[in-house]
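Visitor: let's see this in three dimensions:
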Amino acid sequence: MNPSNVPVVDLSSLFTSDTHTKHKTAYEIDLAFQNVGFLVISGHGVNELTIRNCGNSVRRYFDLPTENKMRVKQPSIDVIRGYIPFNSGALATTEDDSVATAPDLKESFNIGPLKQISENDVNLKMLRSPNLWPEQPLGLRSHWEQCYKELEDLGSTILHACALALGLPERWFEQHTDGHFSILSALHYPAQIENPKPGQLRAGAHTDFDVLTIISTDDAPGGLQIMSTSGTWTDVPWIPKTFVVNVGDLLARWSNDRWKSTLHRVVNPPRQLAQNSRRLTIGYFQQVNPRTLIEALPGTTSDHNPAKYSPITAGEHHNEKFLRQANAASRLALD
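Guide: Numbering: from 1, shown residues only. The predicted structure follows:
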């Protein structure tokens, strides 16, 4: 356990055939998800060069003039593809859309699944939109496609451990992920030359919509914090060659709140370090098939702990959460 109380778990046993050590690792993940909702993972199997190439290529993209970046602008507010510019939203509004807050201090680039699946349901088409690829920098697409594949595999591996923790067959979740709508994002927090507005953060306090979030971050001033059980903000440690993983709202609901979706934020750097505080986060937001029915997972209910939520599909859950964020973003754009 490190000083922040965010556990560090070595996943290397999950890539072996040793059943005993797999279950031990699954138990460690289960405890972390129950107690903190976050963990740091090593031994994850993702090639370090893959993450470096993905990050370097998208940094070059973010360095382009705004007019170049806007050529692959997000096509509509309900489609998470392409470039999302500054002043496009405040994540704090996803917790309470009545909150009046300045936009988050970031821009992003986003892609969805590499395998295109046709969708007739108009309410799900936004989850199946094609990816938008910039012409520059050269090589970005190939680096991002490789990164998506490796993080997609890592997400599956973590879900294998989740299944084992619940006493389910190791590949139980695969029936629900063969048509997932997971997102790979680069979140760019530029150096802060000007003072932020009162209450304005790099990313306001929020929980994630998804099943799991897997992120790789820079070691730069102004980083990720989580809300502790005591109600205080705690830094998440930066450890080289690791990822941070957290439970999203969907998995918390699916697990009948066995696992916690924890409030978190990205804070501003100290003013004396602000001019050299550029920060990049590569995040994989694991989702499941949009028509998967989200009801209490086997092993998460009992006579003393009945199901807390009514069933809902993963697509409906996403749209419900995202609509709140989109409406709030529209209001911010009008201010």
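
Visitor: can you pull out the strands in the stretch 101-250 of the chain?
Guide: 107-111, 183-189, 203-206, 212-217, 224-227, 233-235, 243-247 (DSSP state E, counting those that start in this stretch).

Visitor: in this protein, what spans have low per-residue confidence?
Guide: For the chain, the stretches flagged by pLDDT under 70 are 1-4, 92-100, 119, 121-123, 325-335.

Visitor: where along it do the helices fall?
Guide: Using DSSP state H, the helices of the chain run over 19-35, 48-62, 66-69, 140-165, 249-254, 314-334.

Visitor: who wins for proximity to W233 among those helices?
Guide: Relative to W233, the nearest member of the helices of the chain by Cβ to Cβ is helix 19-35, separated by 17.1 Å. In this view, the C-beta of every residue, glycine as well, is placed from N, C-alpha and C.

Visitor: dump the strands of the stretch 101-250 of the chain to CSV, plus distance to V9 and mean neighbour count.
Guide: Below are these laid out as CSV (distance: least, Cβ to Cβ, whole Å; neighbours: other Cβ atoms under 10 Å):
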stretch, distance to V9, mean neighbour count
strand 107-111, 27, 22
strand 183-189, 22, 23
strand 203-206, 24, 21
strand 212-217, 13, 22
strand 224-227, 16, 20
strand 233-235, 18, 15
strand 243-247, 9, 26
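
Visitor: would JSON lines of those with distance to I41 be doable?
Guide: Formatted as JSON lines, these follow (distance: least, Cβ to Cβ, whole Å):
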{"stretch": "strand 107-111", "distance to I41": "22"}
{"stretch": "strand 183-189", "distance to I41": "17"}
{"stretch": "strand 203-206", "distance to I41": "21"}
{"stretch": "strand 212-217", "distance to I41": "8"}
{"stretch": "strand 224-227", "distance to I41": "15"}
{"stretch": "strand 233-235", "distance to I41": "17"}
{"stretch": "strand 243-247", "distance to I41": "5"}
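
Visitor: picking that back up, mind putting the helices of the chain in TSV, distance to N110 and mean neighbour count included?
Guide: Output for those, formatted as TSV (distance: least, Cβ to Cβ, whole Å; neighbours: other Cβ under 10 Å):
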stretch	distance to N110	mean neighbour count
helix 19-35	25	17
helix 48-62	10	17
helix 66-69	12	13
helix 140-165	10	20
helix 249-254	18	23
helix 314-334	13	17
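
Visitor: closest to P237 out of these?
Guide: Closest to P237 of the helices of the chain, according to Cβ to Cβ: helix 19-35, at 13.6 Å.

Visitor: roughly how far apart are S88 and R59?
Guide: Taking Cβ to Cβ, to the nearest Å as the measure, S88 and R59 are separated by 19 Å.

Visitor: I meant K22, not that one.
Guide: For K22, the distance to R59 equals 37 Å [Cβ to Cβ].

Visitor: cool, N246 as well?
Guide: Using Cβ to Cβ, one gets 24 Å for the distance from N246 to R59.

Visitor: try T229
Guide: Applying Cβ to Cβ, one obtains 36 Å for the distance of T229 from R59.

Visitor: quick check: nearest residue in space to G139, chain neighbours excluded?
Guide: S57 (5.8 Å; Cβ to Cβ, 6 or more residues apart in numbering).

Visitor: now do the contacts for the one you found.
Guide: S57 makes contact with P137, G139, L140, H143, W144, according to Cβ atoms under 8 Å, 6 or more residues apart in numbering.
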